[in-house]
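> Build me a structure from this.
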Amino acid sequence: MRLLDLIAQSSPPQSSVPPTRPLPGPHHFAQAVHGCPLRLVLADDFTRCNTAIAYAEGDRLSGCLDLVRVPSQRLWVEWSESPRVEALSDILKTHIEPPVSGGRAGALINSDASGRAGTIRSFWSTPDNRVYCTKLITEFDLNLPIRGWNHSIADIFNGESTAVYEGRGSTFDALLTHIRFRFDPAWVDRYRFANLSNDQQSEILCTALGYTAFIVPMLFALSFC
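You can find the predicted model right below:
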């Protein structure tokens, strides 16, 4: 079943004790996905091709950022995770395990009128049709560098942004200067009272970034396909 259908048809979980601040779940985005004016469901071959473009050598995506625009102020993009991860593994020359074997993934993109700045929410589903929403909100601005310096792990768990660095001053790192990530405010509240150790915080953040950060270039590469 398509992920967009699972989200559009989702409903709040039944609980006798309502949380003080509900964590973001698929039902919170059901109306946004259902009413999305543009929804793309990528074929497996197209997913592989688009991933290859996003991480290609030579004229990289970052060299053509002035051409990238989100084609709608609200856009849904969906794909099967296996072909994306297979293509990424080939490019990086290392084996990458998909978050869920046989699952699907998707992104809800909200942009300004220019299509150059906005936010991305990521989702994934399991083969038995359970749906999850990532804890991080991705912010992008293709006109301005917004990455800034990384805050401390404690600051990030108090709502400040974090970033990803490629580390070699490459053209791909130039793309990353236009992207930053922050925890959803509801997760910030949850973690604030969880009394997590620094190691626990680092593990949670690395896991969240490890999935979310790698899909953003693929989404931007859609502008060239």
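
> Provide the secondary structure category for Ala174.
The local conformation at Ala174, judged by DSSP: H, G, I helix; E, B strand; the rest coil, is helix.

> in the protein, which helix or strand is least confident?
The helix or strand of the chain with the lowest confidence, counting by mean pLDDT, DSSP states H and E, is helix 171-176 at a mean of 76.

> what about it, distance to the chain center?
Remark: helix 171-176 is offset 17 Å from the chain centroid, using Cα atoms, centre = their mean, to the nearest Å.

> quick one: buried residues of that helix?
Neighbour counts using 16 or more other Cβ atoms under 10 Å place Phe172, Ala174, Leu175, Leu176 of helix 171-176 among the buried residues. Using the backbone N, CA and C atoms, a C-beta is placed for each residue, glycine as well.

> so the third one makes contact with Leu65?
Yes. Applying Cβ atoms under 8 Å, one finds Leu175 in contact with Leu65, separated by 6.8 Å.

> any shared contact partners between the two?
Among the neighbours of Leu175, those also in contact with Leu65 (Cβ atoms under 8 Å, 6 or more residues apart in numbering) are Phe220.

> ok, and the closest non-adjacent residue to Glu160?
His151 (4.2 Å; Cβ to Cβ, 6 or more residues apart in numbering).

> On the pLDDT front, check that neighbour for me.
With respect to pLDDT, His151 has a value of 82.

> for the next helix or strand after the least confident helix or strand of the chain, the distance to its chain's centre please.
Sequence order places strand 179-183 as the next helix or strand after helix 171-176, per DSSP states H and E. With Cα atoms, centre = their mean as the basis, strand 179-183 stands 10 Å off its chain's centre.

> I'd like the mean pLDDT over strand 179-183, please.
Per-residue pLDDT over strand 179-183 has a mean of 95.

> And stretch 75-93, by the same measure?
pLDDT averaged over stretch 75-93 gives 89.

> buried stuff in that stretch?
75-88.

> Output it in PDB with nothing but the alpha carbons.
Output of stretch 75-93 as PDB, limited to C-alpha atoms (Å, rounded to 0.1, in the frame of the first residue of the first chain):
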ATOM      1  CA  LEU A  75       4.700  18.600  -2.300                       C
ATOM      2  CA  TRP A  76       4.600  14.900  -1.400                       C
ATOM      3  CA  VAL A  77       7.400  12.600  -2.700                       C
ATOM      4  CA  GLU A  78       7.400   8.900  -2.000                       C
ATOM      5  CA  TRP A  79       9.700   6.000  -2.900                       C
ATOM      6  CA  SER A  80      10.700   2.400  -2.000                       C
ATOM      7  CA  GLU A  81      13.600   2.400   0.300                       C
ATOM      8  CA  SER A  82      15.400  -0.600  -1.100                       C
ATOM      9  CA  PRO A  83      16.400   0.900  -4.500                       C
ATOM     10  CA  ARG A  84      17.400   4.200  -2.900                       C
ATOM     11  CA  VAL A  85      19.700   2.500  -0.300                       C
ATOM     12  CA  GLU A  86      21.100   0.100  -3.000                       C
ATOM     13  CA  ALA A  87      22.100   3.100  -5.200                       C
ATOM     14  CA  LEU A  88      23.500   5.000  -2.200                       C
ATOM     15  CA  SER A  89      25.600   2.000  -1.200                       C
ATOM     16  CA  ASP A  90      27.000   1.700  -4.700                       C
ATOM     17  CA  ILE A  91      27.900   5.400  -4.700                       C
ATOM     18  CA  LEU A  92      29.500   5.400  -1.300                       C
ATOM     19  CA  LYS A  93      31.100   2.000  -1.800                       C
END
